[in-house]
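Trainee: whatever this is, show me its structure:
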Amino acid sequence: MPDPCENAEAREFHREFAMRCNNIAWELSTQPRSTIQDREMLDAAHASAWHWSKVGTQLNQMRATMLLAEVHALLGFGASAFTFAVEMRAYFLGNDTPDWELAFTHTIYAHAAYAAGRFADHRAAYEQASIALMALTDEEDRNIVTKTFDQVPRP
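Mentor: As a prediction, the model looks like this:
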């Protein structure tokens, strides 16, 4: 059976929906939500990850995994949040990663560790996230990461 992503139209469809779902989930993740919006955030994050799995680069897929870690942490799904966080953290710490993305990596790892009850990991990652956040020189990047960092419980 031929791969449905072999034609340009199908690939563009997947890219478009991956980006749309990603944006919806990230936006919802940084604001107060109703139960219905929690479900929308979760569904959008998983949809984004699925679409990126069809056409995305490894970087796209790891960014989707990062989003899944954050969404699962926000919803209290500690075990899955931590599993996603471990995977994305290994990728981002093992590659040439921009400073803003490292700040996100530490922030979300800290959040997932907290949700999973791994308090020593949470404390260490929270400190790394604080340092990485303060090191950001671009004010817009700092503001964006801060929206996520502010949701991580303090150790």
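Trainee: please give me every residue in contact with the closest residue to His72 other than its chain neighbours.
Mentor: With Cβ to Cβ, 6 or more residues apart in numbering as the criterion, His72 has its nearest non-adjacent residue at 3.6 Å, and that residue is Ala81. Any C-beta I mention is one placed from the backbone N, CA and C, and that applies to glycine too. Applying Cβ atoms under 8 Å, 6 or more residues apart in numbering, we find Ala81 in contact with Leu68, Ala69, Glu70, His72, Ala73, His111, Ala112, Ala115, Ala116.
Trainee: got it, and His46?
Mentor: Neighbouring residues of His46 by Cβ under 8 Å, 6+ apart: Leu68.
Trainee: just to revisit the earlier point, pull out the buried positions in the strand or helix carrying the residue nearest to His72.
Mentor: For Ala81, the element it lies in under DSSP states H and E is helix 78-93. Under the neighbour-count criterion of 16 or more other Cβ atoms under 10 Å, helix 78-93 has 78, 80-89, 91-92 buried.
Trainee: the very next helix or strand once past that helix to helix 78-93, inter-axis angle?
Mentor: Where DSSP H and E defines the elements, the next helix or strand beyond helix 78-93 is helix 99-115. On the basis of axes from the mean of the first three to the mean of the last three Cα atoms, to 10 degrees, helix 99-115 is oriented at 160 degrees to helix 78-93.
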